[in-house]
Each structure stands twice: as C-alpha cells, then as structure tokens.
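[1] Predicted coordinates and the sequence they were generated for:
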Amino acid sequence: MTRVLTVGAAQMGPIQRSHTRRDVVERLVAHLREARRMGCDLVVFPELTLTTFFPRWWMAEQAEIDSFFEHEMPSNETAPLFNEARQLGLGFCLGYAELAKEGGEIRRFNTSILVDSDGSIVGKYRKIHLPGHSEHEPERPFQHLEKRYFEVGNLGFPVVRAFGANMGMCICNDRRWPETYRIMGLQNVEMVLLGYNTPIHNAPAPDHDEHSWFHNQLSMQAGAYQNGTWVVGVAKGGTEEGIPSLADSMIVAPSGKVVARAGGEGDELIVHRCDLDAGQSYKRSTFNFAVHRQPDQYRMIVERKGAADPS
Ligand code: CDT
C-alpha cells in the first residue's frame, strides 16, 4: 500500500517589526484553513515564524532581545494556532525563538517543533549551524547576529517517527551543510522539514548575491537526492524592514527534482502529495549506505592529512 503524506509548505511574506504575534498567528491560521481545503496532513512554516527576523538588529538590552523569544509553547498567543490545527486535524512544523530553562539556566535557541494532529509536540530541533557574527558590525547595511542571540543547538539532528514516516528537521543555514542531511540520512530519514530566512544580500560575500536562488535550490536538491529523502523548504520572503529576502519555497522529491515551488514572495501555500516510499530505490541502490559508504576510509584519509575527524 502506498504511503502518502500530503504536505503544505506555508511560505510567509514579510513580517514587519510592528506586527504582533496575534497578527502573525491570524496569517498562520489562514494557511491552515487553506491547507485543510487542499487535503494536507501537515503544514510547514518558516524559521522564526512568529516575529520579524530580529537578528538583523543590534540590541544591547536583554529585555528587548527576549521580547522576540517564546517563553512557553504553546503560549496564550500561540494557543489559537494549536487549537485550530487540532480542530482541522492537521499537524504542523513551526520555527520560533525559544527561551528555555535548563539546569537552572536560561538558554536561547533557534528552534523548530513538530506538532501532531492532536496538538502534541512530537519533535524538537535546535539550529546547529548558526550563521553571521556575534559582535556589532556597524559597517554592514544590516546585522546578522544569530551567533550572539542564540546558542548552538544541543539536540543533534533527531529523526522521529510521526505522520507514518521518519521525520527530521533543520533550519535555514543548516541546509547548506551536507552533514545536516547525512546525519538524518543515517537515521533513515524520509522527510526533512526546513524553514528559512535568507537575505539576498550577503555582506561578507556580495559576489554570492546573484547566486542566492541557485544555492538555495542546489543545497536542498543535493541533500534530498544523496539521502533519498523528501525536503520541504519553506521561506519567509519578500522585503522585510527594507531587507529583500529570498522566497522560492519548494518541495524536493528524493530524486532531487523540484515538484512544487512558490511563484511569489508573499503568503503562499504550495502542496504536494508525497509518496513516502519514493526514497526507497535510492536508499537500496546508489545510496545504500551499508553497502557503499566507507567510514573507515574517510577516517584514515583525514588522519593521514592531519585534518579534523569527519565521522
Ligand atoms: N537565517 C539564516 O540562517 N540565514 C542564512 C543567511 C546566510 S547569508 C546570505 C542562510 O544560510 O540562509
């Protein structure tokens, strides 16, 4: 019997600083209702969905920084999203800034959660590859202070069984790193859910700007194909607080082919019926890890060269 999961990639247009969480949740709920009409089982929202992309500003006051973080999930402001999804029988994946208390300490992460159709949180991922810088760089047209405002994620790249599939998550810059997909590939991942906020202008490397769309697509297609997995890439796009961001949300099949793609830069739902077994032929042949991977060789080559251990 074919295992099909109908997924909606819920691209968001810009979220300005003046927009409240209530404004944003209304837009998310509209996405959920359309997703229900389109027959979705699962809706994927972008990175840091609930606010503007705040790492673009240098902020000295911790209280101001913390105003962009969620202290609980769900909260009063996000409860309507959970309630609506439960009533519609939909699961969702949501990116947000997480303020956690762990071991008596306050910790801050760039996080995604996977929520089942009964409203329970069944998966959590905290972003590992934090881009940008940690000090104020006033010469930049805008900041990218993820390294200041977040800690490196401490949950690894977990793959959880949910929606009848092996599900993984990663966030934005993670998608450019082959390790991200391979670590999940080694756990037999079948679908990777991925939200992003990508400014088109890359201050340290402006020569990359013209390739923003290509690099986005290249990373996700390679990750999908090389691990025989679906990749659902969801943007917050458009011009937010004067900064143009990449939209181009897409759903990539385990073949590496793009099967659905956003046409605009605003709120837009793209939907695909994903055959969860579509990765099997890749996992059994070209990318049969048990048969073809050579981790002992990788380690030996690196040891001979004196480089870092790749395992
Ligand atoms: N949010 C995030 O991780 N953004 C980075 C920006 C890199 S600079 C263009 C990304 O990899 O898309």
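    Everything's here; your move.
[2] Residues of the stretch 201-311 of the chain that sit close to the ligand?
    Residues of the stretch 201-311 of the chain lying close to the ligand by CB under 6 Å from any ligand atom are Asn202. Yep, even glycine has a C-beta here, placed from its N, CA and C like the rest.
[3] Which part of the stretch 201-311 of the chain gets nearest to the ligand, residue-wise?
    Asn202 (3.8 Å; CB to the nearest ligand atom).
[4] burial count for Arg148?
    18 (other CB atoms under 10 Å).
[5] show me the residues around Thr239 that make contact.
    Counting by CB atoms under 8 Å, 6 or more residues apart in numbering, Thr239 touches Pro14, Ser245, Glu265.
[6] Narrow the residues you listed to those that are buried.
    Those of the contacts of Thr239 that meet the buried threshold are Pro14, Ser245, Glu265, by 16 or more other CB atoms under 10 Å.
[7] Assess the claim that the last one and Glu240 are in contact.
    No - checked against CB atoms under 8 Å, the pair Glu265 and Glu240 is beyond contact range at 10.2 Å.
[8] Quick check: the residue nearest to His208 when sequence neighbours are not counted vs Ser255, distance?
    Once flanking residues are discounted, His208 sits nearest to Asn202: 4.8 Å by CB to CB, 6 or more residues apart in numbering. To Ser255, Asn202 is 29 Å away according to CB to CB, to the nearest Å.
[9] Please convert the buried ones among the contacts of Thr239 to a markdown table, extending it with secondary structure, distance to Gly95 and pLDDT.
    Output for the buried ones among the contacts of Thr239, formatted as a markdown table (DSSP: H, G, I helix; E, B strand; the rest coil; distance: CB to CB, whole Å; pLDDT from 0 to 100):
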| residue | secondary structure | distance to Gly95 | pLDDT |
| --- | --- | --- | --- |
| Pro14 | coil | 15 | 98 |
| Ser245 | strand | 14 | 98 |
| Glu265 | coil | 18 | 98 |
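[10] does Val192 sit in a helix, a strand or a coil?
    What DSSP: H, G, I helix; E, B strand; the rest coil gives for Val192 is strand.
[11] Now do the strands in the protein.
    Residue ranges of the strands in the chain, as given by DSSP state E, are 4-11, 42-44, 91-102, 105-115, 121-126, 159-162, 165-171, 191-196, 230-235, 238-240, 243-245, 250-252, 258-261, 268-275.
[12] Could you pull up the mean pLDDT of the first one?
    What strand 4-11 shows for mean pLDDT is 99.
[13] what comes up buried for that strand?
    So for strand 4-11, counting by 16+ other CB under 10 Å, buried means Leu5, Val7, Gly8, Ala9, Ala10, Gln11.
[14] The nearest residue to Arg36 once chain neighbours are set aside: neighbour count?
    Sequence neighbours aside, Leu88 is the residue nearest to Arg36 in space, at 4.5 Å (criterion: CB to CB, 6+ apart). Neighbours of Leu88 under the rule other CB under 10 Å: 18.
[15] where do the helices sit along the protein?
    Here the chain has its helices, by DSSP state H, at 21-37, 62-66, 79-88, 146-149, 178-185, 212-227, 280-284, 289-292, 295-305.
[16] list the helices and strands the first one packs on?
    Applying 3 or more CB pairs under 8 Å, 6 or more residues apart in numbering; DSSP states H and E, one finds that helix 21-37 makes contact with strand 4-11, strand 42-44, helix 79-88, strand 268-275.
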